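[1] model the structure of this input:
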Amino acid sequence: MEKLKNIILILLFISLSACKTSPATDEVEVDTSLTVSVNSESQDESGAEPKVVTSTASSVSTAALETSEYNVKPGEFNLYPRETSGWDESGWSIISPSEDSRLVYVSSSMGNDETAEYYAPRDISDVQDPSGIIKPYKTIHAAREHARDGYPDWILLRRGDSWEVNSLIKLRSGRSFEERAVITSYGQGIERPVLKADSAEVLRIWPDQNYMAIVGLSLYAYKRDPKSPDFSGWGSVSESLAVRMYAPREVAMGSILLEDNLFNFFSKAITIHGGGEFLDIVIRRNVILNSYSERDHAQGIYAVNVSALLEENVFDHNGWYKQQIDGGNDKAEGQATMFNHNTYFTDVNYTISRRNIFLRASSIHQKWTANSPSDGSSDQIKSTNILIDSNLYVSGEVGISAGGNTDYNNGPRWRNINIVDNLMLAIGRDQSTNRALGWYIDADDWVGGNICGNYLLHNDNSNVVSLKGINISGHSSDISVSRNVIYGLVKPSESGIGAINVNDAPKDNIRISDNLIQLVGSQMRVLSADNLDNSEYSNNRYYSDADNDLWFESEGVGYSFDEWTMLSGDTGSSANREFFADTDRSFEAYLASIGLPESIDAFVEQVAQTSRFNWDRTLTVDVISAYIRAGYGDLRCDQPGNTFFPYAN
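    Presented below is the predicted three-dimensional model:
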């Protein structure tokens, strides 16, 4: 009977894992002194380590989907369903082992690799807090040897323990969406298990390794922390990636969940790269801090050719350790550069970023690029169907940039981009790269999109004189800019830049309506449009403390409100000062309202100590944004929902 049972399980496994392969590259060893380089990383299909090249793969390419056995549709996020037992009352994923899962426990303080055993779920009364006597492994590498590829096996690290990781840990595939391979924590405490990284990579997900969950871990590059007694010393800081996913050309892979993890002091916390496609990547409720580099570009997340859900994460101080000293882009001692950001997504499709908190980026909080082929001569649509919804951005130089980099200036590169109901505060405050700029939202070469319901508030650094609210540039068409609130963008001198800008490149069907632009105490233009063809302006409420005949500008000429309406055909708009309930509401004021010191450092320290075991809703974007927006009337986007995402709402 036992033999028959095993045969049945094998047949069941084969039927459920039709999207599994076992690539030759799975066991490729890596030199742990490797310096992993820049944002355009690739690897040939022989398994050699990456060279610095630019990926030319078309996102979600037909070739990749046809060639790979992994088969998931772009924009399909296989979340554990909320309406069943897959979510707890606070919105955390509930992941359960299968009957044939192996539970492999690991404890650096209590384990022994020689005497350890793994267990079946039926042998353990509580998987997360095993009662009775278990025999854990001591090292993660030894435990990994007993996790099978293609099975829903679990590696569980004891909370409160720590491990020094000197070589990469290669993760194995699970069986399906519902039966994932899991690396997580166990025990009675609330402190995450700590992986102290002293290697070029910590967790590696190699080609065709799918169906995984990485949950509840702390990954800490301790020798890169300048305040650590083990700090390597400036000039000797090695590059280190916390989680690295790689897909070669013509391979599609994914269904990977990262939840409730803490990343600190890596050069890149999460790297997703290669010429292939990544689908169903869910990154939620993680805290990603202090990425920097002395040698290369540094990001909190770098991702290419991905369909991802980025949800309820906190990002702070990624891309830099210290302010740029003399200008330029010197990397010594982790100085901020214009190339480093909280997140960097390139050539992505069907991707959602919602309810995240972005703080103090080196340059851009969220950099999105759609790169036309570097060996071509014409622009192509490279990124489609992106939703950026209800995020909070504080400080940094740029809030959201959906433009660059490779652009031949002869056509669109984006389709259906939606930036809705986000809150941006004090953009430009820290002057990380020593530049005097504060740019809130930049849209370049779009075909179709909404910029709607966003609050662009209060630059509070008088040295930041290059201000932009919403900037529409390039070969753009079918864009609606509506119901946005722009207040407190204080520019001390006159210039041609407006709170909303439309440049002179060809445009078609640009609609700017129902916006509330109030530039109290500012000499900034309310609106600057160098191309008035095929554009419509209506029902906006304007105010500026600039001279009346300089509120608007077109092709270098200033106009009063009456002159503007005649020039542009603006209908239903007004030119009056509006008054709000409480314009002193800020991120720092919110912190004070819940008893925290009025500093981002205090907030981040609190968030880093918070997990699913001591969840605090007062530290979430929904509560923070509601407090601030209430001071301004809580104007929100009224556009229809984004039906191209099954989990958009």
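[2] show me where the stretch 101-250 of the chain has its strands.
    With DSSP state E, counting those that start in this stretch, the ranges of strands along the stretch 101-250 of the chain come out as 103-106, 154-158, 162-165, 169-170, 181-186, 194-197, 201-205, 212-215, 218-220, 241-246.
[3] save those as a markdown table, and put in distance to L532, mean pLDDT and mean neighbour count too.
    Just so you know, the C-beta spots here come from the backbone N, C-alpha and C atoms, and that holds for glycine as well. A markdown table is the format used below for the strands of the stretch 101-250 of the chain (distance: least, Cβ to Cβ, whole Å; pLDDT from 0 to 100; neighbours: other Cβ atoms under 10 Å):
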| stretch | distance to L532 | mean pLDDT | mean neighbour count |
| --- | --- | --- | --- |
| strand 103-106 | 65 | 98 | 24 |
| strand 154-158 | 61 | 98 | 26 |
| strand 162-165 | 59 | 98 | 19 |
| strand 169-170 | 58 | 97 | 18 |
| strand 181-186 | 57 | 98 | 25 |
| strand 194-197 | 55 | 98 | 23 |
| strand 201-205 | 50 | 98 | 23 |
| strand 212-215 | 51 | 98 | 23 |
| strand 218-220 | 52 | 98 | 25 |
| strand 241-246 | 46 | 98 | 26 |
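[4] buried ones in stretch 453-473, by neighbour count?
    The neighbour-count criterion (16 or more other Cβ atoms under 10 Å) identifies 453-461, 464-465, 467-473 as the buried residues of stretch 453-473.
[5] first-to-last residue distance for stretch 586-605?
    End-to-end distance of stretch 586-605: 19 Å, with Cα to Cα, to the nearest Å as the criterion.
[6] rewinding a little: among the buried residues of stretch 453-473, which are located in helices?
    Mapping the buried residues of stretch 453-473 onto helices (DSSP state H) picks out no residues; all lie outside.
[7] where does the protein dip in pLDDT?
    By pLDDT under 70, the weakly predicted segments of the chain are 1-68, 80-86, 639-649.
[8] which residue ranges form the helices in it?
    Using DSSP H, helices in the chain cover 2-16, 62-67, 140-144, 561-568, 587-593, 600-608, 621-629.
[9] what comes up buried for the last one?
    Under the neighbour-count criterion of 16+ other Cβ under 10 Å, helix 621-629 has 621, 624-625, 627-629 buried.
[10] burial check on G376, number of neighbours?
    11 (other Cβ atoms under 10 Å).
[11] equivalent analysis for the one 5 residues further on, please.
    The local packing count at I381 equals 18, with neighbours defined by other Cβ under 10 Å.
[12] phi, psi of it?
    I381 has phi and psi values of phi -70, psi 120 when expressed as degrees, to the nearest 10.
[13] residues touching it, list them.
    Residues in contact with I381 (Cβ atoms under 8 Å, 6 or more residues apart in numbering) are 370, 412-415, 447.
[14] what about 10 Å?
    When contacts are counted by Cβ atoms under 10 Å, 6 or more residues apart in numbering, I381 is found next to 58-59, 349, 370, 372, 411-416, 445, 447.
[15] in the stretch 351-500 of the chain, which spans are strands?
    Taking DSSP E, counting those that start in this stretch as the criterion, the stretch 351-500 of the chain contains strands spanning 357-359, 364-369, 383-389, 392-394, 398-403, 414-420, 423-425, 437-444, 446-452, 455-457, 466-473, 476-482, 485-487, 498-502.
[16] closest one to A529 among these?
    Evaluated with Cβ to Cβ, the strands of the stretch 351-500 of the chain place strand 498-502 nearest to A529, the distance being 4.2 Å.
[17] the closest one vs strand 476-482, what angle?
    An angle of 150 degrees separates the directions of strand 498-502 and strand 476-482 when computed by axes from the mean of the first three to the mean of the last three Cα atoms, to 10 degrees.
[18] how far does strand 498-502 sit from the chain's center?
    With Cα atoms, centre = their mean, to the nearest Å as the basis, strand 498-502 stands 26 Å off its chain's centre.
[19] strand partners (parallel or antiparallel) of that strand?
    Using DSSP bridges, strand 498-502 pairs in its sheet with strand 466-473 (parallel), strand 525-529 (parallel).
[20] please convert the ones you listed to a markdown table, extending it with distance to N576.
    Formatted as a markdown table, the strands paired with strand 498-502 follow (distance: least, Cβ to Cβ, whole Å):
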| stretch | distance to N576 |
| --- | --- |
| strand 466-473 | 19 |
| strand 525-529 | 12 |
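[21] how near is the residue nearest the centre of the chain to N534?
    In the chain, the centroid-proximal residue (Cα atoms, centre = their mean) is T343; its distance is 4.8 Å. Shown here: T343 relative to N534, a distance of 33 Å by Cβ to Cβ, to the nearest Å.
[22] could you do Y408 as well?
    If you measure Y408 against N534 using Cβ to Cβ, the figure is 22 Å.
[23] more crowded one of the two?
    In this comparison of Y408 against N534, neighbours counted by other Cβ under 10 Å, the higher total goes to Y408 at 14 against 11.
[24] tally of neighbours for the spatially closest residue to the more buried one that is not a sequence neighbour?
    Beyond its immediate neighbours in the sequence, the residue positioned closest to Y408 (Cβ to Cβ, 6 or more residues apart in numbering) is D379, lying 5.2 Å away. Residues contacting D379 under the criterion other Cβ under 10 Å number 22.
[25] from memory D379 sits against R415, does it?
    No - in this structure D379 lies outside contact range of R415 using Cβ atoms under 10 Å: 11.9 Å.
[26] returning to that earlier point: export the strands of the stretch 101-250 of the chain to JSON lines and append columns for distance to E117.
    Conversion of the strands of the stretch 101-250 of the chain to JSON lines gives the following (distance: least, Cβ to Cβ, whole Å):
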{"stretch": "strand 103-106", "distance to E117": "9"}
{"stretch": "strand 154-158", "distance to E117": "13"}
{"stretch": "strand 162-165", "distance to E117": "19"}
{"stretch": "strand 169-170", "distance to E117": "20"}
{"stretch": "strand 181-186", "distance to E117": "15"}
{"stretch": "strand 194-197", "distance to E117": "23"}
{"stretch": "strand 201-205", "distance to E117": "24"}
{"stretch": "strand 212-215", "distance to E117": "23"}
{"stretch": "strand 218-220", "distance to E117": "26"}
{"stretch": "strand 241-246", "distance to E117": "28"}
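[27] so which of those strands comes closest to Q523?
    Nearest to Q523 among these is strand 241-246 (45.0 Å), distances taken as Cβ to Cβ.
[28] direction included, what does that closest one pair up with?
    Counting by DSSP bridges, strand 241-246 is paired with strand 201-205 (parallel), strand 268-273 (parallel).
[29] distance to E259 for those strands - can I get that in a markdown table?
    Output for the strands paired with strand 241-246, formatted as a markdown table (distance: least, Cβ to Cβ, whole Å):
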| stretch | distance to E259 |
| --- | --- |
| strand 201-205 | 14 |
| strand 268-273 | 12 |
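[30] right, and the ones you listed - which one's nearest S240?
    The closest of the strands paired with strand 241-246 to S240 is strand 201-205. By Cβ to Cβ, the value is 7.3 Å.
[31] quick one on the thing from earlier: buried subset of the contacts of I381 as a PyMOL selection?
    Once 16+ other Cβ under 10 Å is used to decide burial, the buried members of the contacts of I381 can be selected in PyMOL as follows:
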select buried, resi 58+59+349+370+372+411+412+413+414+415+416+445+447
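[32] find the nearest non-adjacent residue to E99, please.
    P121 is the one closest to E99 (Cβ to Cβ, 6+ apart), at 6.6 Å.
[33] and what of S513?
    If you skip the residues right next to it in sequence, S513 has S538 as its closest partner in space, 4.5 Å away by Cβ to Cβ, 6+ apart.
[34] for the one you found, give me its contacts.
    482, 511-515, 568-573.
[35] of those residues, closest to A529?
    Nearest to A529 among those, with distances taken as Cβ to Cβ, is S568, at 7.0 Å.
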